[in-house]
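Q: dropping a prediction and its sequence here:
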Amino acid sequence: MTDNPSSLEFLPRATGSVMGFPAHAERAGALGEVHSRPHPMVEAPRALIQLSFMTDAGSSVDHAVLCELSRRLGIAAPDRQARHHAMKWGQGSVRWERHTEFSTYLWEGPLGETGRAWENSPFGNGFSPPGTVISAIRVEIREWTPASEKLIAGFDPASLCYSLVENGAAAIVTDFRQDADGLTRILVLDRGMTPARAGALSQRLIDIETYRTLALLGLPMALSLSGQVRRMEDSLAQITREMKSSETRDSQTLLANLTELAAELEADAAASLYRFGASRAYDGIVRERLEALEEEAVPGHQTWAGFLQRRMAPAMRTCRSVEERQANLSRKLTRTTTLLRTWVDVEVEKQNRDLLASMNNRARLQLRLQQTVEGLSVAAVSYYVVGLVGYVAKGASAASHAFSPETATALAVLPVVLLVWWGIRRIRHAHQEHKSQADD
């Protein structure tokens with residue numbers, strides 16, 4: 001391991017200009033990303049312990065833990081917006097990284113004669129975890145000797161993974177089981193790797209164990225949702241069977257049930273969207289790290305890639321299956337709801353048609369009644385007008401006996417009826433014209 005303190009610092013990213021030209025605002029971040037996770041430089045014998053904590057409480061808790069560690073070392077705490085930080089710790093170093101939903105604390109230091117490397121790590125008394133532990137790993141890098149090779153016998157032979165890497169310059173051994181302290185033990189037998197290659201290999205092995213654990217977090221949710229999706233599928237089948245029976249079909253009730261079923265499905269899909277997406281991403285990282293190992297199988301033993309593929313592939317298929325079933329069920333619910341809404345719209349249109357027909361019949365009856373009333377009105381008004389003419393004729397005959405009042409009354413009947421009919425007709429036409437203008 002190098003003793004240069006500058007190697008433990010994440011250097012500031014380049015800013016400013018390039019040959020006097022103004023630099024893009026995001027250029028520094030893009031250039032610095034490839035240097036954002038420098039792996040430690042290690043030489044055998046060495047130990048690395050990484051704890052990964054879920055950060056549900058937010059980044060402020062992580063920052064508080066880093067401030068406490070910095071205070072114990074007497075150094076300045078990192079910036080609150082920092083995503084990476086490194087510091088010296090005894091004969092080793094501590095490296096912190098913040099990820100989307102978890103943060104990691106990696107300590108590397110001397111292995112020690114007792115083999116209990118964590119005794120000198122920062123994870124002893126006084127360390128306040130920022131959240132619950134999701135992954136805990138101990139990597140031991142030892143020189144490949146007959147004595148160190150005997151340590152392989154301490155792993156569980158049922159799940160022992162033993163393979164050669166780095167063109168035979170190292171061997172990696174694990175059984176993916178946890179020891180008494182809850183740490184997954186990984187043994188690296190070094191046969192002449194450089195510190196840089198040893199550090200890169202150890203980081204790759206730590207990533208495999210960390211991300212394979214995170215990838216499998218989607219499995220419990222998938223198993224839980226599988227039963228709910230099956231129940232929704234059965235409910236949809238029952239609803240579609242009821243839709244086929246036109247005699248007993250209650251479209252409004254079926255539409256309400258479909259809407260409730262769709263809302264429940266979308267709520268479950270929204271709740272699992274991030275978890276399933278994260279599991280796919282973590283599984284992709286594990287595959288990339290395994291391919292980068294370029295393992296060579298040791299006769300009689302299984303490789304890391306072979307072991308994890310047999311264990312993780314079914315779990316990932318289960319997650320994908322549930323996600324696809326949710327998507328298919330959502331499409332079926334959409335089609336069924338559209339069909340049922342069409343039936344409801346047709347029924348409503350039939351009701352509207354019957355209502356309009358009833359209104360038309362009522363309007364025709366009112367028109368006929370109005371025409372009848374108009375005829376009676378002509379007769380009634382004519383009767384009263386003719387009566388008035390008769391009174392006038394009687395008065396005139398009393399003053400002069402030149403004509404008979406009965407004759408004058410009889411002669412006035414026809415003109416009066418025509419005048420009254422014409423007047424009422426003009427009034428009705430005037431009302432109709434006024435209504436037409438108001439409608440326009």
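A: Good, I have the coordinates.
Q: beta partners for Cys161?
A: Note on Cys161: beta-bridge partners by DSSP bridges are Thr174, Gln302.
Q: quick one: it and Arg177, what's the gap?
A: 11 Å (C-beta to C-beta, to the nearest Å). C-betas here are computed from N, CA, C, even on glycine.
Q: between the two, which has more neighbouring residues?
A: Cys161 (21 against 12; other C-beta atoms under 10 Å).
Q: doesn't Thr184 make contact with the more buried one?
A: No - under the criterion of C-beta atoms under 8 Å, Cys161 makes no contact with Thr184, lying 11.6 Å away.
Q: identify the contacts common to those two.
A: 174, 176 (C-beta atoms under 8 Å, 6 or more residues apart in numbering).
Q: for stretch 354-373, list the C-alpha coordinates in PDB.
A: The C-alpha atoms that make up stretch 354-373 are tabulated as PDB, following Å, rounded to 0.1, in the frame of the first residue of the first chain:
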ATOM      1  CA  ASP A 354     -86.100   6.700 -26.500                       C
ATOM      2  CA  LEU A 355     -86.200  10.000 -24.500                       C
ATOM      3  CA  LEU A 356     -86.000  12.100 -27.700                       C
ATOM      4  CA  ALA A 357     -88.800  10.000 -29.300                       C
ATOM      5  CA  SER A 358     -90.900  10.500 -26.200                       C
ATOM      6  CA  MET A 359     -90.300  14.200 -26.300                       C
ATOM      7  CA  ASN A 360     -91.200  14.300 -30.000                       C
ATOM      8  CA  ASN A 361     -94.400  12.600 -29.300                       C
ATOM      9  CA  ARG A 362     -95.200  14.900 -26.500                       C
ATOM     10  CA  ALA A 363     -94.400  17.900 -28.800                       C
ATOM     11  CA  ARG A 364     -96.700  16.600 -31.500                       C
ATOM     12  CA  LEU A 365     -99.500  16.100 -28.900                       C
ATOM     13  CA  GLN A 366     -98.900  19.700 -27.700                       C
ATOM     14  CA  LEU A 367     -99.100  21.000 -31.200                       C
ATOM     15  CA  ARG A 368    -102.300  19.200 -31.900                       C
ATOM     16  CA  LEU A 369    -103.700  20.500 -28.600                       C
ATOM     17  CA  GLN A 370    -102.600  23.900 -29.400                       C
ATOM     18  CA  GLN A 371    -104.300  23.700 -32.800                       C
ATOM     19  CA  THR A 372    -107.500  22.500 -31.200                       C
ATOM     20  CA  VAL A 373    -107.300  25.300 -28.600                       C
END
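Q: rounded mean pLDDT for that stretch, please.
A: Averaging pLDDT along stretch 354-373 yields 80.
Q: please state the offset of stretch 269-283 from the chain centre?
A: The chain centre lies 9 Å from the centre of stretch 269-283; the measure is C-alpha atoms, centre = their mean, to the nearest Å.
Q: and the strands in the protein?
A: 17-18, 21-22, 46-54, 84-89, 92-98, 102-109, 133-143, 161-165, 170-178, 184-190, 296-297 (DSSP state E).
Q: ranking those strands by mean pLDDT, which is last?
A: strand 17-18 (a mean of 79).
Q: can you list the strands that that strand pairs with?
A: strand 21-22 (antiparallel).
Q: got a list of contacts for the strand it pairs with?
A: So strand 21-22 is in contact with no residue, going by C-beta under 8 Å, 6+ apart.
Q: and for stretch 67-80?
A: Contacts of stretch 67-80 (C-beta under 8 Å, 6+ apart): 59-60, 63, 66, 85, 87-89, 94, 96, 122, 126-128.
Q: greatest separation within these: which pair is it?
A: Based on C-beta to C-beta, the longest span within the contacts of stretch 67-80 runs between Ser60 and Lys88 and measures 24.8 Å.
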